[in-house]
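Asker: Turn this into a structure:
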Amino acid sequence: MAQEKFKFRLATILSAEKKTPESKSLSLKRFILLGAAAGLIVSVGVPIGQQNLYDKPAKAEMSTKEIRCNGQNVVVRSPDHAEALIACEGARDAIGFLASQGLDVTGDITIELLTRLPAFVSSSAAGCYLESEQRVLILVYSKFREFETWFGIPIDRSLYRSLVSHEVAHLVAHCNFKIPKPTIQAKEYIAYVTQFSTMEPVLRERVLLHFPCAAFEGEWQMSTTIYMFDCMSFGARAYRHFVKMENGRDYLHAIIDGKALVD
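Answerer: Model (predicted):
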């Protein structure tokens, strides 16, 4: 179990800013090094952090309250009631979209709003999904705003809601995959398509204008490397690919069934 916790999914982590060429190169190097380290631990079975791999919560998390979202199988743990309601909206958006695509959304979902993410998560991340524990972790809105911009535009509550939708999509997709080890690009394709599809139209247009990249032409362009170099461009290209008439719902199910975006 300790090994599974260490093998956290880098692909589920949202970058909080558009990467420069220098930061892209650094991110890829870190990805390679972390992957090698995780492989070493698995091979020798080193029991790191058997009880809890990440730091103990800050004081703000000690006073969190559980809020059950109206009409949903979603619970939000948050130190702030208003922010919990935004998280409920983001979860509702993701669940509604994925249900419309024919995915099973009946499982329970718990979202935790934190003043800081676990120590092993990149400092540029605003949220993450821990697969081994099926936990959605999101920075509280006040901490998210410290990034100032996201997807290249000023942060507001609509962007925050889309952040929640992205991470909830990871959880729902994880529970629907019919193959044991889907690729990073498979998981991120679904999460970004959900995020863009549930954005308010005006917000989505602003974001897409900031990322004028063309749609992916095929799977050969949707690699882990492309995602690691610029995850937000990957997201914009994935959404543009999804909305093409020949893709859409059928392509999502091909991913879920292990017939698309596999190694």
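
Asker: Give me the secondary structure label for residue 105.
Answerer: coil (DSSP: H, G, I helix; E, B strand; the rest coil).

Asker: got a list of what residue 238 touches?
Answerer: With contact taken as CB atoms under 8 Å, 6 or more residues apart in numbering, residue 238 is in contact with 188, 189, 192, 193, 216, 222. The way it works is simple: take the backbone N, C-alpha and C, and place the C-beta from them, glycine included.

Asker: so where does it fall, helix or strand?
Answerer: helix 231-242 (DSSP states H and E).

Asker: now that helix, how far from the centre of its chain.
Answerer: Per CA atoms, centre = their mean, to the nearest Å, the displacement of helix 231-242 from the mean C-alpha position of its chain is 14 Å.

Asker: angle of the helix or strand just after it against helix 231-242?
Answerer: Toward the C-terminus, helix 231-242 is succeeded by helix 248-256 as the next helix or strand (DSSP H and E). Interaxial angle, helix 248-256 versus helix 231-242 (axes from the mean of the first three to the mean of the last three CA atoms, to 10 degrees): 120 degrees.

Asker: Helix 248-256 - contacts with which helices or strands?
Answerer: helix 184-198, helix 231-242 (3 or more CB pairs under 8 Å, 6 or more residues apart in numbering; DSSP states H and E).

Asker: Determine which stretch of those helices is the most buried.
Answerer: helix 184-198 (a mean of 26; mean count of other CB atoms under 10 Å).

Asker: Following the chain onward from that one, which element is next?
Answerer: Next along from helix 184-198, by DSSP H and E: helix 201-210.

Asker: Just the CA trace of the next helix-or-strand element following that following helix, in PDB.
Answerer: On the C-terminal side of helix 201-210, the closest following helix or strand by DSSP H and E is helix 224-229. Taking C-alpha atoms only, helix 224-229 is exported to PDB below (Å, rounded to 0.1, in the frame of the first residue of the first chain):
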ATOM      1  CA  THR A 224       2.800  11.900 -22.300                       C
ATOM      2  CA  THR A 225       5.700  14.100 -23.500                       C
ATOM      3  CA  ILE A 226       3.300  16.600 -25.100                       C
ATOM      4  CA  TYR A 227       1.200  16.800 -22.000                       C
ATOM      5  CA  MET A 228       4.300  17.300 -19.700                       C
ATOM      6  CA  PHE A 229       5.700  20.100 -21.800                       C
END
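
Asker: tilt between the helix holding residue 238 and helix 201-210?
Answerer: 110 degrees.

Asker: Put the alpha carbons of helix 231-242 into CSV.
Answerer: Provided in CSV are the C-alpha atoms of helix 231-242 (Å, rounded to 0.1, in the frame of the first residue of the first chain):
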residue,chain,number,x,y,z
CYS,A,231,-0.5,20.6,-20.1
MET,A,232,-2.8,23.5,-20.7
SER,A,233,-2.2,23.4,-24.5
PHE,A,234,-2.8,19.7,-24.3
GLY,A,235,-6.2,20.4,-22.7
ALA,A,236,-7.2,23.0,-25.4
ARG,A,237,-6.2,20.7,-28.2
ALA,A,238,-8.0,17.7,-26.6
TYR,A,239,-11.2,19.7,-26.3
ARG,A,240,-11.0,20.9,-29.9
HIS,A,241,-10.4,17.3,-31.0
PHE,A,242,-13.4,16.1,-28.9
